[in-house]
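Below are the sequence and a predicted model for it; my questions follow.
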Amino acid sequence: MYQRPNQRLVGQTAIITGASSGIGRACAIALAREGANVVVNYIGNPAGAEDVAGIIRADDGQVLLVQADISQEDQVQQLFAQTIDAFGTVDILVNNAGLQKDSLFVDMTLAQWRFVLDVNLTGQFLCAREAAREFLRRGPRPEVSQATGKIICMSSVHEFIPWAGHANYAASKGGVMLLMKSIAQELGEYKVRVNSVAPGAIRTPINRGAWETPQSLNHLLKLIPYKRIGETSDIGAVVAWLASDEADYIHGQTIVVDGGMALYPGFEDNG
């Protein structure tokens with residue numbers, strides 16, 4: 001249900017990678033409704049990106065669409081250059097773009113391993129590095145935020161929960177966790193705030209097979225003590241808050257949004 005926003009991000013510009021669908025789409029809409037100028041990054045879904053832009057414009061928001069493969073250094077640099085040309089600077093990066101290429105470990109190819117790590121981990125490194133460079137170049141903007149800049153990495157409960165059949169994905173998210181914490185340790189003195197959000201089971205196209213039938217959904221809910229699947233808006237709301245000054249003293253942390261999936265639900269009945 002749409003609720004009136006708090007306008008906590010007025011005057012700021014946010015890049016959301018992988019924003020044409022799923023969690024990225026929800027984050028773009030949530031940040032725009034808080035008053036941010038939003039850059040919708042996408043790679044292979046221009047129709048989805050245009051749909052997101054239409055929603056933002058209908059709320060009188062400012063939006064820019066930029067197609068870029070975030071696993072490629074030159075395209076990431078161009079993404080930031082186009083953003084700065086349009087809006088003057090960047091204040092928030094939502095490092096969201098990610099994917100899966102599932103396989104049993106013994107059958108996993110090097111191409112499958114590299115594909116997931118290139119996007120999910122190297123892509124976050126490249127985007128975070130460009131964001132940090134821009135934050136340090138321009139310095140603080142206390143008129144819009146207490147922090148010099150904010151980086152929010154999209155992780156997963158699989159940064160700490162092993163996932164058989166998804167070794168490449170879990171490894172990428174474990175890497176995101178320590179990448180985020182290392183960046184936070186290094187950049188904190190400059191008031192660059194770095195955190196992660198770790199979703200559990202969220203209703204997105206990437207995991208449609210886990211929720212689209214009653215049988216598969218019932219099986220999934222056994223893993224969730226709160227007994228509902230998450231919606232992309234659940235993540236968008238947390239990201240918007242985490243980007244705001246209300247969360248200014250949160251730094252180097254992973255905010256888990258999972259309905260209790262990480263609570264070892266197999267022990268609900270004493271194991």
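Received, thanks.

how about the strands in the stretch 1-150 of the chain?
Using DSSP state E, counting those that start in this stretch, the strands found in the stretch 1-150 of the chain span residues 13-16, 37-42, 63-67, 92-95, 149-154.

what separates the first one from the chain centre, distance-wise?
Using CA atoms, centre = their mean, to the nearest Å, the distance from the centre of strand 13-16 to the centre of the chain it belongs to is 11 Å.

Now render the strands of the stretch 1-150 of the chain as TSV, adding mean pLDDT, mean neighbour count and distance to Val52.
The C-beta positions use only the backbone N, C-alpha and C, and glycine is treated the same way. Below are the strands of the stretch 1-150 of the chain laid out as TSV (pLDDT from 0 to 100; neighbours: other CB atoms under 10 Å; distance: least, CB to CB, whole Å):
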stretch	mean pLDDT	mean neighbour count	distance to Val52
strand 13-16	99	30	9
strand 37-42	98	28	5
strand 63-67	98	19	8
strand 92-95	98	30	13
strand 149-154	98	27	16
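
Can you add distance to Val106 and give the ones you listed back as JSON lines?
Converted to JSON lines, these look like this (distance: least, CB to CB, whole Å):
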{"stretch": "strand 13-16", "distance to Val106": "36"}
{"stretch": "strand 37-42", "distance to Val106": "34"}
{"stretch": "strand 63-67", "distance to Val106": "36"}
{"stretch": "strand 92-95", "distance to Val106": "31"}
{"stretch": "strand 149-154", "distance to Val106": "29"}
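
To Cys127, which of these lies closest?
strand 92-95 (5.3 Å; CB to CB).

And the contacts of that closest one?
9, 12-17, 19, 24, 27, 31, 36, 123-124, 127-128, 131, 149-154, 239, 243 (CB atoms under 8 Å, 6 or more residues apart in numbering).

Grab the longest helix from the protein for me.
helix 167-187 (DSSP state H).

Quick one: the strands in the stretch 151-271 of the chain, in order.
Using DSSP E, counting those that start in this stretch, strands in the stretch 151-271 of the chain cover 192-199, 254-257.

The longest one vs helix 167-187, what angle?
For strand 192-199 and helix 167-187, the angle between their directions (axes from the mean of the first three to the mean of the last three CA atoms, to 10 degrees) works out to 160 degrees.

Note down every partner strand of strand 192-199 and its orientation.
Note on strand 192-199: by DSSP bridges, its sheet partners are strand 149-154 (parallel), strand 254-257 (parallel).
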